[in-house]
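S.K.: what's the 3D shape of this:
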Amino acid sequence: MGLIRRLRVTQRAIERAMLVSLRDQIRNAKIRRRTRVTDIAQRVAKLNWQWAGHIARRTDGRWGVKVLEWRPAPVNAA
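M.R.: Numbers count the residues shown, from 1 in each chain. Alright, predicted model coming up:
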């Protein structure tokens, strides 16, 4: 969560630097509407899901699909 927070802070700082002076008291939501840039956390989550889908669709026999389909053996309770 710390990395996502730092990415969001950096993204907001860049957007603010592109549009307004640091002295202007404009809310982040208004700046986000003006730039029409997607939130970095949403973009990261989307890319993670795309990567997971890419790994799941591979058919070259690598370990990715084997790990996804692996089921551990049941443990006998004593």
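S.K.: element containing the residue nearest the centre of the chain, please.
M.R.: Averaging the C-alpha coordinates of the chain gives a centre point, and the residue nearest to it by Cα atoms, centre = their mean is residue 44 (1.9 Å). Using DSSP states H and E, residue 44 sits within helix 40-57.
S.K.: ok, the residue nearest to the centre of the chain touching residue 6?
M.R.: No - at 11.7 Å, residue 44 and residue 6 do not qualify as touching, with contact defined as Cβ atoms under 8 Å. In this view, the C-beta of every residue, glycine as well, is placed from N, C-alpha and C.
S.K.: any idea how far residue 43 is from residue 7?
M.R.: When Cβ to Cβ, to the nearest Å is applied, the distance between residue 43 and residue 7 equals 9 Å.
S.K.: Repeat that for residue 17.
M.R.: 16 Å.
S.K.: Over to residue 47?
M.R.: Distance check for residue 47 against residue 7: by Cβ to Cβ, it reads 12 Å.
S.K.: which one of the two has more residues nearby?
M.R.: Taking residue 47 and residue 7 together and counting by other Cβ atoms under 10 Å, residue 7 has the greater number of neighbours (15 against 10).
S.K.: and the gap between the more buried one and residue 13?
M.R.: Look at residue 7 and residue 13: by Cβ to Cβ, they are 11 Å apart.
S.K.: what's the answer for residue 33, then?
M.R.: The span separating residue 33 from residue 13 equals 17 Å under the rule Cβ to Cβ.
S.K.: Equivalent analysis for residue 72, please.
M.R.: Distance from residue 72 to residue 13, counting by Cβ to Cβ: 45 Å.
S.K.: between these two, who's got more neighbours?
M.R.: In this view residue 72 and residue 13 are compared by other Cβ under 10 Å, and residue 13 has more residues nearby, 11 against 5.
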